[in-house]
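Asks: from the sequence below, what's the structure:
(4 chains)
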Protein chains: 2
Amino acid sequence: MRLSTRGHYGLKAMFDLAQNYGSGPISLKTVAERQNLSDHYLEQLIAMLRKAGLVKSMRGAKGGYFLAREPSKIKVGDVIRALEGPIAPVHCVSEKDPGSCNEADYCITRTVWVRVRDGLAELLDSITLADLCLKAEETNKC
Amino acid sequence: MRLSTRGHYGLKAMFDLAQNYGSGPISLKTVAERQNLSDHYLEQLIAMLRKAGLVKSMRGAKGGYFLAREPSKIKVGDVIRALEGPIAPVHCVSEKDPGSCNEADYCITRTVWVRVRDGLAELLDSITLADLCLKAEETNKC
DNA sequence: GCATATCATAGCATGGCACTAGGGTATTGT
DNA sequence: ACAATACCCTAGTGCCATGCTATGATATGC
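Replies: Residues are numbered from 1 along each chain as shown, chains lettered A, B, ... in the order given. Reported below is the predicted structural model:
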């Protein structure tokens, strides 16, 4: 029941961009250093986020990445889905392409996984990047 | 964000044993056929469940497996933990042995994973094998 | 004592993960 | 113009967990 590092690192990076939202593009190297990640690996992750339409980029010197829309409009669930694929504790209850399970009609344990999937999705979609920034401010005040 | 087949198959097997609770030991082969699983593979899974104290066994002819206690006393969370290890979306928030994350104090994204872990644990611990058996009876009535 | 079961260990192919390597292309400051 | 800086893209690679299979030993009922 574990996330890969893609979702783990990716959310860190997105949170970093959210905290710097509005101050122009941030270079990949800056994010990587600040969040303590391999910059080359992070490059691939952020490419996925870009293709999912969550971040935009500017090439060339002084270029970098920035959020495609404001932090309050980006849910944690969006980030996770972009990096880890559709939410699905087991294949036969995947959010997308439910898979061909010919026991689906009468399989009782399947109902467990449906509840897990929905609970997970609801939780991840209830938190936005803005929420995290807010929390960061509060913690720094102490 | 996916379960391995261990938890998937394992719960199926435990549900099968729960439905036959009280009628003596059930042979592995029977469970495997009924739930459409590789019997040799299932053998390893049920060994883990036995070591976790969730099922008991009787050797020899007419032997087999049976639940160590009544279905209402076994939570889905117990089964999953026995087969998949402690619940932990990412390593640094594992239920057991939280891992050495030196950013734990100030890492904001970590709070997300704590909530995921707790939500998941709460959900899985709120469902017992007896609940599943009850649901199975209801569905058959239709 | 034989058929039927559980028990235990070992091995093995596959695939995904977590990177690394090495190039190309666009933009900026001088 | 031209370097420096950054994004962009594709391959490749070592490692480890997963999902089994194989083989044999041990225990029990009839």
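Asks: near chain B at all, stretch A:80-95?
Replies: Yes - contact of stretch A:80-95 with chain B (Cβ under 8 Å from any Cβ of the partner chain) involves A:80, A:84, A:87-91. For glycine as for every other residue, the C-beta is placed from the backbone atoms N, C-alpha and C.
Asks: quick one: which of those is most hemmed in?
Replies: Neighbour tally across the residues of stretch A:80-95 next to chain B (other Cβ atoms under 10 Å in any protein chain shown): the maximum, 26 neighbours, falls on A:Ile80.
Asks: my guess is it contacts A:Leu123, does it?
Replies: No - the criterion here is Cβ atoms under 8 Å, and A:Ile80 misses it with A:Leu123 at 10.5 Å.
Asks: just give the nearest non-adjacent residue to A:Thr111, would you?
Replies: B:Lys135 (6.5 Å; Cβ to Cβ, 6 or more residues apart in numbering or on different chains).
Asks: ok, that neighbour to B:Cys142 distance?
Replies: Distance of B:Lys135 to B:Cys142, given as Cβ to Cβ, to the nearest Å: 12 Å.
Asks: what do you get for A:Leu17?
Replies: 50 Å.
Asks: and these two? which has more neighbours close in?
Replies: Taking neighbours as other Cβ under 10 Å, A:Leu17 and B:Cys142 compare with A:Leu17 leading, 24 against 4.
Asks: residues of chain A that sit close to DNA strand D?
Replies: A:25-29, A:40, A:43-44, A:47, A:50, A:57-65 (Cβ under 7 Å from any atom of the strand).
Asks: now, which of the residues you listed lie within strands?
Replies: Among these, DSSP state E puts A:57-58, A:64-65 in strands.
Asks: tell me the angle of the strand or helix carrying A:Val114 relative to helix B:109-125?
Replies: Assigned by DSSP states H and E, A:Val114 belongs to helix A:109-125. If you take axes from the mean of the first three to the mean of the last three Cα atoms, to 10 degrees, helix A:109-125 sits at 160 degrees to helix B:109-125.
Asks: what does the helix or strand following helix A:109-125 rub up against?
Replies: Using DSSP H and E, the helix or strand that follows helix A:109-125 in sequence is helix A:129-141. Taking contacts as Cβ atoms under 8 Å, 6 or more residues apart in numbering or on different chains, the residues outside helix A:129-141 that touch it are A:14-15, A:18-19, A:67, A:70-72, A:74-76, A:79, B:106, B:108-109, B:111-112.
Asks: again, but for stretch A:85-93
Replies: Counting by Cβ under 8 Å, 6+ apart, A:1, A:77, A:80-81, A:94-99, A:101, A:104, A:107, A:110, A:113-114, A:116-117, A:120-121, A:124, B:1-3, B:8 sit against stretch A:85-93.
Asks: try it again with 7 Å
Replies: A:81, A:94-96, A:98-99, A:101, A:104, A:110, A:113-114, A:116-117, A:120-121, B:1-3, B:8 (Cβ atoms under 7 Å, 6 or more residues apart in numbering or on different chains).
Asks: which among the residues you listed end up buried?
Replies: The neighbour count (16 or more other Cβ atoms under 10 Å in any protein chain shown) marks A:81, A:94, A:110, A:113, A:116-117, A:120-121, B:1-3, B:8 as buried among those.
Asks: need these in TSV with pLDDT and distance to DNA strand C, can you?
Replies: Shown next, in TSV, are these (pLDDT from 0 to 100; distance: Cβ to the nearest atom of the strand, whole Å):
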residue	pLDDT	distance to DNA strand C
A:Arg81	97	13
A:Ser94	94	14
A:Arg110	95	22
A:Trp113	97	18
A:Val116	97	18
A:Arg117	97	17
A:Leu120	97	16
A:Ala121	97	18
B:Met1	84	9
B:Arg2	92	8
B:Leu3	95	13
B:His8	97	16
